[in-house]
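Sequence and predicted model, in that order:
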Amino acid sequence: MIEMNANTDIVVREFIPSGEDYIQLVESTGWKGIVEKGSQQLEEALNKSWFVVSALHNDKVVGFGRIISDGVYQGFICELIVLPEYQNNGVGTNILKKLLLKCKENNILMVQLFAAVNKSQYYKKFGFEERAQDEPGMRWIHRDVL
């Protein structure tokens with residue numbers, strides 16, 4: 001873990017990482033099926049996002065978050081990733097605050113995300129609420145269409 005102090009220069013700003021940097025972030029999570037898209041397609045996905053911020057430490061991308069949105073009333077936080085050695089030092093919090101501030105500035109009514117079970121408490125600190133049991137979220141991952 002990187003020990004954060006007043007001399008640690010981590011800057012969170014609007015910045016789209018390269019496909020290779022994004023792959024390193026995703027690989028740190030253990031998520032499956034994303035890296036296989038390849039650097040070029042992943043860069044295309046990032047460039048088509050509504051808003052992207054990165055956390056940079058000495059020009060190294062150590063964290064990242066992005067939103068896809070219609071720009072009117074719906075926003076969806078696709079990812080919030082911080083390299084393990086930079087976690088628990090406020091990096092993710094700074095990324096999330098920038099994402100939410102952008103939504104507030106643009107009067108986005110609803111921001112949604114999917115959170116791992118052990119991460120829901122983190123998002124609740126920022127005002128996120130779990131959907132009711134009778135209103136579950138769903139997802140479809142590329143399968144054969146019936």
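Looks like it came in fine. Numbers count the residues shown, from 1 in each chain.

Once you drop chain neighbours, what's closest to residue 54?
Once flanking residues are discounted, residue 54 sits nearest to residue 15: 4.2 Å by C-beta to C-beta, 6 or more residues apart in numbering. Quick note: C-beta positions are derived from backbone N, CA and C, even for glycine.

same deal with residue 49?
Excluding its sequence neighbours, the residue lying closest to residue 49 (C-beta to C-beta, 6+ apart) is residue 66, at 4.4 Å.

In contact with that neighbour, which residues?
46, 49, 50, 51, 52, 53, 77, 78, 79, 99 (C-beta atoms under 8 Å, 6 or more residues apart in numbering).

Please apply the same query to residue 50.
Taking C-beta under 8 Å, 6+ apart, we find residue 50 in contact with 66, 67, 68, 69, 71, 75.

and whichever strand or helix holds the last one, C-alpha only, in CSV?
Under DSSP states H and E, the secondary-structure element containing residue 75 is strand 74-82. Included here for strand 74-82 are C-alpha records, laid out as CSV according to Å, rounded to 0.1, in the frame of the first residue of the first chain:
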residue,chain,number,x,y,z
GLN,A,74,-29.9,9.5,-16.3
GLY,A,75,-26.3,8.7,-15.5
PHE,A,76,-24.6,5.3,-14.9
ILE,A,77,-21.3,4.9,-13.1
CYS,A,78,-19.7,2.1,-15.1
GLU,A,79,-16.5,1.7,-13.2
LEU,A,80,-14.7,3.1,-10.2
ILE,A,81,-11.3,1.4,-10.0
VAL,A,82,-8.3,2.1,-7.8
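
in the helix or strand that it is followed by, what counts as buried?
If you walk from strand 74-82 toward the C-terminus, the next helix or strand you reach (DSSP H and E) is helix 91-105. Along helix 91-105, these residues count as buried under the neighbour rule (16 or more other C-beta atoms under 10 Å): 91, 92, 93, 94, 95, 96, 98, 99, 100, 102, 103.

These: which two are farthest apart?
Based on C-beta to C-beta, the longest span within these runs between 91 and 103 and measures 19.5 Å.

Sketch out the low-pLDDT regions of the protein for me.
Counting by pLDDT under 70, the chain has low-confidence residues at 1-7, 138-146.
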